[in-house]
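[1] Pasting the sequence and the predicted coordinates here, then a few questions.
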Amino acid sequence: MDGEEMRKTGLCTLSCLVISTSIPYLDCSKTFQELIEATASHGAASASLTDNDYRRAEVTVLQLCQEESFPSDLEQLKAGKPLAHNSRLNALAPELDSEIQLFRVGGRLRHSSYLEQDSMHPIVLDPKHPVTLLIIQAYDTKLYHPGYERVFAELRRNYWILRGREAVKRCQRNCVECQKLRKNPEIPKMADLPQARLRLFRPAFYSTGMDCFGPYAVKVGRRTEKKWGILFKCLTTRAVYIDLLHSLDTDSFLMALRRFMARRGNPFELISDQGTNFKGGERELRETFAALAPELHEQLAKKQIRFQFNPPNAPHFGGCWEREIRSLKQALTATIGAQSVTFEVLQTVLVEIEGILNAKPLGYTSSDIADPDPITPNSLLMGRPDASLPSVVYPESELISRRRWRHSQVLADHFWKHFLRFYLPGLQTRQKWQKDTANTQVGTTVMIIDPQLPRALWPVGRVSEVFTGTDGRVRTANIKVGTKTYTRPIARLIQLPNIPE
């Protein structure tokens, strides 16, 4: 018709190469050596196999492999004709070995007097054939699972695998032992800030993170005792409170908590890890936290304080206060080093460190004199950026007036105004873990990272249960290893190719 556009029709087809093999014993052989032994036993004249039997069996397997992978090329070579112009082997200039009826790389190195015959003219193999995969696995196992370049270089001494590096990489990605040695965790995209970090216009320490550190040797007369420190951090305003624990028991911890609440007020929620990420006194802290958990929930419930634990071995869940622990330890090392001091000296040093941390600016500090001074946690706690600055002095006639209340209210408004304008926008970006990953599924085989053990001894198990965050991403999982079950974050799990049970 005149008003219609006439178009030519064409046929588009997609051809796929699927290698189906008829090599005997290949399906029931897990390794290349098993395949050669099975083939040699089938063709041997006697029960005792010789080296010639194994050699003939290997040649037979490789002949069948080439016949299935390159049927037209092999036919052309046997007939003495040139290869087709679109053959995959044209660049290799293959030559037929008349002795064993296998074609090898012709190449340009035939005049070298330093190379062996197999190295100059390696046997050509297809990268996707099952026999080729067994050969790569054999070399990988023999070399104790090194990098792909080492395996590839060793294979080239006898075999020329088309796209060999890619084939070796693909094989090692499916090798459990290689993944145990080299694979890294697949960490999900960094989560949004939790509500505890965004309690705006609330008193300091409304949402508090809590952590222990130590132990430290304290001199008591002629002997020394171990003391632990405890840090409380406001998750919103970044203010810190540091105290000392005389011992790792319930009473000592609750006394420290009572001192904290008497000075800073009752928090709305307390968040802590489970004491498994400490280097000094790790075992004592872990056992103490395990014993404290039921009683803490009961004691804090009476005060209407929400109390929760982060997953074990997940320091990044409490990175907000873990970073302060690092700063605190650096200051302690610079101040007292490794020497033993008295309890009073250690307590004084920790309080001074608390003042230094609370005077740390929040956000970017501008070099322009016209820009306002950056706010600090002390701006909200003390009404001045630094404890060394003098406080506001009121006349005696104004002590009972509203001026002091108004001044403190202005300071609080000033803090939150600058907090919202200059500090909070800096929390928008994700500094790492920016790409999304697939959620870990139940039944996945994983290896648990344990920094206290060599990598070869890290436990391997299966995911029995997963826990999602508020964004729907799996961030924690239960892993069953033998008869035990461990709760670990995804950042501590390395996914492996599934191992058949």
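    Yep, that arrived. These numbers come from a predicted model, not from an experiment. Numbering: from 1, shown residues only.
[2] give me the low-pLDDT residue ranges for the protein?
    1-21, 43-47, 274-305, 311-316, 318-319, 364-373, 384-411, 414, 499-501 (pLDDT under 70).
[3] for it, longest strand please?
    strand 207-220 (DSSP state E).
[4] buried set for that strand?
    Neighbour-count burial for strand 207-220, with 16 or more other Cβ atoms under 10 Å as criterion, is recorded at 207-216, 218. In this view, the C-beta of every residue, glycine as well, is placed from N, C-alpha and C.
[5] As CSV, those with distance to Ala262 would be great.
    Below are the buried residues of strand 207-220 laid out as CSV (distance: Cβ to Cβ, whole Å):
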residue, distance to Ala262
Ser207, 19
Thr208, 14
Gly209, 19
Met210, 16
Asp211, 20
Cys212, 20
Phe213, 22
Gly214, 23
Pro215, 25
Tyr216, 24
Val218, 24
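[6] three-state assignment of the nearest residue to Cys28 once chain neighbours are set aside?
    Leaving aside its sequence neighbours, Cys28 sits nearest to Ala38 (Cβ to Cβ, 6 or more residues apart in numbering; 7.5 Å). Using DSSP: H, G, I helix; E, B strand; the rest coil, the secondary structure recorded for Ala38 is helix.
[7] my guess is Ala38 meets Lys30, correct?
    No. Contact status for Ala38 versus Lys30: not in contact, 11.0 Å apart, counting by Cβ atoms under 8 Å.
[8] Please identify which of those two sits among more neighbours.
    Ala38 (16 against 9; other Cβ atoms under 10 Å).
[9] so how far is Val61 from that one?
    10 Å (Cβ to Cβ, to the nearest Å).
[10] Show me what the longest strand of the chain is packed up against.
    Counting by 3 or more Cβ pairs under 8 Å, 6 or more residues apart in numbering; DSSP states H and E, the packing neighbours recorded for strand 207-220 are strand 223-234, strand 269-272, helix 319-335, strand 341-342, helix 343-358.
[11] how about 10 Å then?
    Judged by 3 or more Cβ pairs under 10 Å, 6 or more residues apart in numbering; DSSP states H and E, strand 207-220 is in contact with strand 223-234, strand 240-245, helix 250-264, strand 269-272, helix 282-302, helix 319-335, strand 341-342, helix 343-358.
[12] For Glu67, the count of nearby residues, please.
    Per other Cβ under 10 Å, the neighbour tally for Glu67 reads 14.
[13] sorry, that was for His418
    18.
[14] Name the SS class of it, please.
    Under three-state DSSP, His418 comes out as helix.
[15] mind checking how far it is from Pro425?
    12 Å.
[16] and what of Thr236?
    Between Thr236 and Pro425 the computed distance is 15 Å (Cβ to Cβ).
[17] Surely Lys329 touches Ile242?
    No. Lys329 is beyond contact range of Ile242, at 11.7 Å (criterion: Cβ atoms under 10 Å).
[18] what do these two both touch?
    Applying Cβ atoms under 10 Å, 6 or more residues apart in numbering, one finds that Lys329 and Ile242 are jointly contacted by 213, 229, 353.
[19] Distance to His42 for those residues - can I get that in a markdown table?
    Listed next are these as a markdown table, based on distance: Cβ to Cβ, whole Å:
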| residue | distance to His42 |
| --- | --- |
| Phe213 | 68 |
| Gly229 | 72 |
| Ile353 | 77 |
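[20] which one of those residues is nearest Leu380?
    Ile353 (19.0 Å; Cβ to Cβ).
[21] wait, what's in contact with the closest one?
    Contacts of Ile353 (Cβ under 10 Å, 6+ apart): 229, 231, 240, 242, 324, 327-332, 334-335.
[22] Apply 7 Å and report the result again.
    Residues near Ile353 by Cβ atoms under 7 Å, 6 or more residues apart in numbering: 242, 328, 331.
[23] Rebuild the helices and strands packed on strand 207-220 as TSV, extending it with distance to Ile123.
    As requested, those are exported to TSV (distance: least, Cβ to Cβ, whole Å):
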stretch	distance to Ile123
strand 223-234	65
strand 240-245	68
helix 250-264	70
strand 269-272	63
helix 282-302	55
helix 319-335	55
strand 341-342	73
helix 343-358	68
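[24] which residues does the residue nearest to Gln179 when sequence neighbours are not counted contact?
    Distance criterion Cβ to Cβ, 6+ apart; nearest residue to Gln179, sequence neighbours excluded, is Leu496 at 5.1 Å. Leu496 makes contact with 176, 179-180, 445-447, 460, according to Cβ under 7 Å, 6+ apart.
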